[in-house]
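1. Build the 3D model from these lines:
(chains A and B)
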Amino acid sequence: MATEYVKFVDVTKCDGCRACMVACKNWNDLPAEPQDFLGSAQSHTKTTADTWNVLQYIEHENSKGGLDYLFRHSACFHCTDAACEKVCPEDAISYTDFGTVVIDHEKCVGCGYCVNNCPFEVISLKEYVDKNGDKYRKANKCTMCTDRLEEGLQPACVTTCHTGAMQFGDKTAMIQKAEERVKQIKDRYPNAMVYNPQGVGGTHTVYVLAEKPSVYGLPENPKVPTSAVVWKDYAQPIGKMMIGATTMAVVGAFITNTIISKKKNGKNEDGGEHHE
Amino acid sequence: MQYTDCALIMGANPAENHPISFRWLTKAKENGGKIISVDPRYTRTSSMSDIYAPLRSGTDIPFIGGMIKYALDNNLYHKEYVAKYTNASFIVKESFKFEDGLFSGYNADKRSYDKTQWAFEKDTEGNLVKDFSLEHPRSVFQLMKKHYSRYDVDTVVKVTGTPKEDLLKVYKAFCATGQVGKAGTIMYAMGTTQHTVGTQNVRAFAMIQLLLGNIGLPGGGVNAMRGESNVQGSTDFGLLYGNLTGYLNAPTSTDPLNATLAGHLEKETPKTGYWSNKPKFIVSLLKAWYGPNATAANEFAYQYLPKGNKNYSHMNLFKAMYDGTLEGAFLFGTNPVVGGPNAGKEKEALSNLKWLVAVDLWETETSAFWQTEAGSNPAKINTEVFLLPACSSYEKEGSISNSARWMQYRWQAIKPLGESKADLEIIHELATRIKGLYKNESGPKAEPINALYWNYGEGHHPDIDLVCKEINGYDVNTGKLIAGFGNLKDDGSTCSGNWIYCGFYPEEGKNRAKNRDKKDTGMSLYLNWSYAWPMNRRILYNRASCDPSGVPYNKEKAVVWYDAVQGKWTGVDVPDFVATRKPGDAGFEDPFIMMNDGVGGVFAPTLNDGPFPEHYEPFESPVQNPFSSQEINPAIQIFYGKFNERGFKADFPIVATTYRVSEHWQSGTMTRNQAWLSELVPYMYIEMSEELAKEKGIKNKDEVIVSSARGEVKAYAMVTKRFKPHKINGKNVHQIGMPWHFGYKGIATGETANRLTPHIGDANTTIPEYKAFLCDVRRA
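-> A predicted model of the protein is given here:
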């Protein structure tokens, strides 16, 4: 087995230059997708099928009454125990030897179950049109540049990061660095912490956050939903036996879409604003 | 920068605009260094800093003047450095006076000073009179102390709007670098320079750095964060209107001495300091330009140099265009309809040209100024416009020079697209064709063109290696390359296109700008990576890192030192002084080789607006100057009439400033045509405080209109906690800020901020005051 790697993001060293966003689009050949004006420096509310990492800009009044202008490179966490992998009815999502979580577009049927179950909301569906004019959908997200890892390179975002806010390396060493860094910055950021949530078995993107996860819109303690476990380990195998795999995916998609549309209505879409 | 104990960032936002510099500041932080951000707005740089202090745009001199007073009052300055390495000990003539904001020698009609009244006192033999005790009442030190005694903390905070405790935090942290062995650096950019007192803002930085002993050592210095990757190279190569190459002054006809080469050399050459070699540089430059046509008999073709009698700065050129006295213009990679001050007027001015040649990668708002889309009526514009497609930096070969003066060679990565060409190639074709047209002509117009020595190979493609060799210089008789500018001659036997770069190409096959050795040669100086002028020195004035006897002030961060055992200078940097001098030799202790007196100028009697920085309000200000009855800089040139409408507080009570974002560059031509960058910052916006938004009934994301005496701009409102009203003399003064990158062309479009900015500039450089003007804002 290859070494287990981790992308270590130290948000307190990030200066918000967004070279990671451009490097990602460049390497992965993703198109620009202009958004409406969000009222802050932030360009996209969250990651999308064509924008796999988004730099968050957060104006936060800290516990001392001062202002912090916080930045976070947000992208797929590559969970050790990934809900998306668990719920995918087509086994289109898998772990690589590097510990990254990737989507196989050959197998993906666009049911969107992964989208709905991701605790970090980093997976998105993209609509494509085939040569007959028929529409179909596939799930998209950051691959941690697994194609680069296979060639002995680091992820494009890490390579371009000029302040060293992102590093890529052996899991144990990176986590140790993160823990040491938190000790160094506690004076400036009393709530600083390592974010490597164990509810999903730990992640392959490990953060040093300057503030509590909620300040960044992150779950304090994300878990693989019980429903996903039930689905993957019980319902799906039984269902497939009974009604066939493709039909099962369609059922899954129906459930997912229903949940998504409910969720969207009640959600603040503006990434920049709800922190102000 | 990584070796600094404290970086004061003022008038700059490097985290956004010079992100690579932040790599080194991050290292400085890891090494225990502190970062201070002083800015009207809490920026990304502020978020990376240990201390943030706001100030109102245009009040840098009170801020630093107060710091000078603080350092002097609290005895925090580096005493030996100040006494030995600066002109603090010099005695100034009795004619020097300062009263109510004016220095002596002021002529109100001409808006200029007679600087001879600020001269240093000399004894009967012509030697400077000095007092190393610094106690003489007319010593520079005492005059400085008196001048800045007026800049007490309470007055300063009333002007700058900086909360007192923040101001004192900054003073304390930065002045701690005055301790022997400590180093503080100042990083500035256009937030400092683009003011009617821009030069004096930088001077104030230089003064505090000299007082704290922070010049000439690792982690020290006054660092200009350049506005463009090759601004350093451009100014080195004579881009500025008053310069030939290598900071040699362009001769003007206003001084009768410039009528002859002998007179010009006499006028330009000081008797002491390294500039005493200037005739060698000037004659070698003339030999590079005119080759065999430059001889001792014809004053080395000196008479072919144009000798104007005006100020040829950007604003004056556009004024001439506006008045219809300029016929044609070449605009290489410049987009004044977006980037120029009072851009609406600059657009109008273009329509008075007979012809305009624009050289750019894209059709810009400037080259398209005559089109209907630009709001013009093409039927009424007679300007003939030529657009020459230029290729990008990746499509050509050449060098850029960064702000550390490294000349770094770059190779062509891909062939130019379509018919696009490198600037060098365009100039080459232009020169050869013009020469062809004049070949059979004579007379005063044809002579300089025929005499021009254009020897960069045959055909359409100039041989860039020949250009490099000419820049370095060679022996005109043998063709042998010159090893360094110390070998240039004033007898016409050597040529050098730019003396400060002489030495980068010392022998055949050794273009040192191409050096790429990644080995650290000590103190992270990487002497074999590229070439730093002059003579590959990495830290200018590095003599000042040692005490007068040659012992480094900080042994752990030593770059040069005098080895008493071996009896010679040694170290890891190239000495920026005459290293063969021994203790006791004249000049052994002099750290500032380019200064006539060998020391740093706390007092600068050469500037147009005074030897000490003094606060004047911006051309447009909502505040009265509490320091004197002089509201604005008395030595600035003022344009009157429609070319420069002036706004006042009653109509325009809000202070405005412009700035850049990481994602866009200059007028946006290069970046607003890139989809991935346009997507990141797609819209023109105005940043404002929650307090101002509330007063004006503006909500975040609303469309608003900003107006100034020159025009109106529509944009989105970005309401932010990062802007706060300034408390000026007890009252709230609002400030807004906006990016200046936008125009109507490209993918990301928006209205142009510079339609609001005034036609007014600095008293020394004429750089426009983009960074402080008055406006009002309302909902669209």
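2. Not counting whichever helix in chain B runs longest itself, show me its contacts.
-> Longest helix in chain B by number of residues (criterion: DSSP state H): helix B:423-438. For helix B:423-438, the surrounding residues in contact (CB atoms under 8 Å, 6 or more residues apart in numbering or on different chains) are B:332-333, B:359, B:388, B:390, B:396, B:398, B:421, B:445-446, B:449-450, B:452, B:454, B:456, B:460-462, B:464, B:467. (C-beta placed from N, C-alpha, C; glycine too.)
3. where does A:P34 land on pLDDT?
-> What the model reports for A:P34 is a pLDDT of 88.
4. In strands, which of the contacts of helix B:423-438 appear?
-> Using DSSP state E, the subset of those located in strands is B:F332, B:V359, B:L388, B:G398.
5. Tell me the confidence at the third one?
-> Meaning B:L388. Per-residue confidence (pLDDT) for B:L388: 97.
6. Would you mind listing the residues in contact with it?
-> By CB under 8 Å, 6+ apart, the contact list for B:L388 reads B:V357, B:A358, B:V359, B:D360, B:K421, B:I426.
7. switch the cut-off to 7 Å
-> For B:L388, the contacting residues are B:V357, B:V359, B:I426, by CB atoms under 7 Å, 6 or more residues apart in numbering or on different chains.
8. in the sheet, who's paired with it?
-> Taking DSSP bridges as the rule, B:L388 bridges to B:V359.
9. What about B:I381, how many residues nearby?
-> By other CB atoms under 10 Å in any protein chain shown, 17 other residues sit near B:I381.
10. Determine the three-state secondary structure at the residue of the stretch 51-200 of chain A found nearest chain B.
-> Of all residues in the stretch 51-200 of chain A, A:Y69 sits closest to chain B, at 3.8 Å by CB to the nearest CB. Counting by DSSP: H, G, I helix; E, B strand; the rest coil, the backbone at A:Y69 sits in strand.
11. Look up how far B:K93 lies from it.
-> Here A:Y69 is placed at a distance of 51 Å from B:K93 (CB to CB, to the nearest Å).
12. More neighbours: which of the two?
-> Taking other CB under 10 Å, A:Y69 and B:K93 do not tie; A:Y69 has more neighbours (22 against 16).
13. Enumerate every residue touching the more buried one.
-> Going by CB under 7 Å, 6+ apart, A:Y69 touches A:E59, B:Y42, B:R44, B:S46, B:S47, B:R722.
14. Could you rerun that using 8 Å?
-> So A:Y69 contacts A:Y57, A:I58, A:E59, A:H60, B:Y42, B:T43, B:R44, B:S46, B:S47, B:R722 (CB under 8 Å, 6+ apart).
15. Skipping adjacent residues, who's closest to the fifth one in space?
-> Nearest in space to B:Y42, with sequence neighbours left out and distances taken as CB to CB, 6 or more residues apart in numbering or on different chains, is B:R722 at 3.8 Å.
16. give me the number of residues near that neighbour?
-> 22.
17. so which of the contacts of B:L388 comes closest to B:P137?
-> Using CB to CB, B:V359 comes nearest to B:P137 of the contacts of B:L388, at 57.2 Å.
18. so where's the chain uncertain?
-> I went with chain A, as the question did not name one. Along chain A, the parts satisfying pLDDT under 70 run over A:1-2, A:227-276.
19. In it, mark out all the helices, start to finish.
-> Remark: helices assigned in chain A by DSSP H are A:19-28, A:83-87, A:113-117, A:146-149, A:156-160, A:171-185, A:226-230, A:236-243, A:245-265.
20. What are the buried residues along the first one?
-> It refers to helix A:19-28. By neighbour count with 16 or more other CB atoms under 10 Å in any protein chain shown, helix A:19-28 contains the buried residues A:A19, A:C20, A:M21, A:V22, A:A23, A:C24, A:K25, A:W27, A:N28.
21. what helices or strands is that helix leaning on?
-> With contacts defined as 3 or more CB pairs under 8 Å, 6 or more residues apart in numbering or on different chains; DSSP states H and E, helix A:19-28 has these neighbours: strand A:54-61, helix A:156-160, helix B:675-680.
22. mind redoing it with 10 Å?
-> strand A:54-61, strand A:67-74, helix A:146-149, helix A:156-160, helix B:675-680 (3 or more CB pairs under 10 Å, 6 or more residues apart in numbering or on different chains; DSSP states H and E).
23. So for B:T606, which of those sits nearest?
-> Short answer: strand A:67-74, nearest of the helices and strands packed on helix A:19-28 by CB to CB, at 41.2 Å.
24. Paired strands for that closest one, with orientation please.
-> If you go by DSSP bridges, strand A:67-74 pairs up with strand A:54-61 (antiparallel).
25. Domain map for chain B?
-> Here the domain assignment for chain B is B:6-224, B:314-401+B:406-438, B:542-587, B:641-779, based on automatic domain parsing.
26. and A:C145, which of these is closest to it?
-> Evaluated with CB to CB, these place domain B:641-779 nearest to A:C145, the distance being 16.7 Å.
27. Let me know the average pLDDT across the closest one.
-> Here domain B:641-779 scores 97 as its mean pLDDT.
28. swap in stretch B:311-326?
-> For stretch B:311-326, the per-residue pLDDT averages 96.
29. Please point out which parts of it sit buried.
-> Buried residues in stretch B:311-326, counted by 16+ other CB under 10 Å: B:S313, B:H314, B:M315, B:N316, B:L317, B:F318, B:K319, B:A320, B:M321, B:Y322, B:L326.
30. Same check on stretch B:713-730?
-> Buried-residue list, stretch B:713-730, by 16+ other CB under 10 Å: B:713, B:715-720, B:722-728.
31. Show me the residues you listed that map onto strands.
-> Short answer: the buried residues of stretch B:713-730 in strands (DSSP E) are B:V713, B:A715, B:Y716, B:A717, B:M718, B:V719, B:T720, B:H726, B:K727, B:I728.
32. still on that earlier bit, filter the buried residues of stretch B:311-326 to keep only those in contact with chain A.
-> By CB under 10 Å from any CB of the partner chain, no member of the buried residues of stretch B:311-326 lies near chain A.
33. out of those, who's nearest A:R188?
-> Checking the buried residues of stretch B:311-326 one by one against A:R188 (CB to CB), the nearest turns out to be B:H314, at 43.0 Å.
34. Kindly report the residues of the stretch 51-200 of chain A close to chain B.
-> Residues of the stretch 51-200 of chain A lying near chain B by CB under 10 Å from any CB: A:51, A:55, A:57, A:59-61, A:66-71, A:161-165, A:184, A:188.
35. For chain A, what's its nearest residue on the stretch 51-200 of chain B.
-> Going by CB to the nearest CB, chain A is nearest to B:Y52 of the stretch 51-200 of chain B, at 8.5 Å.
36. All set now, cheers.
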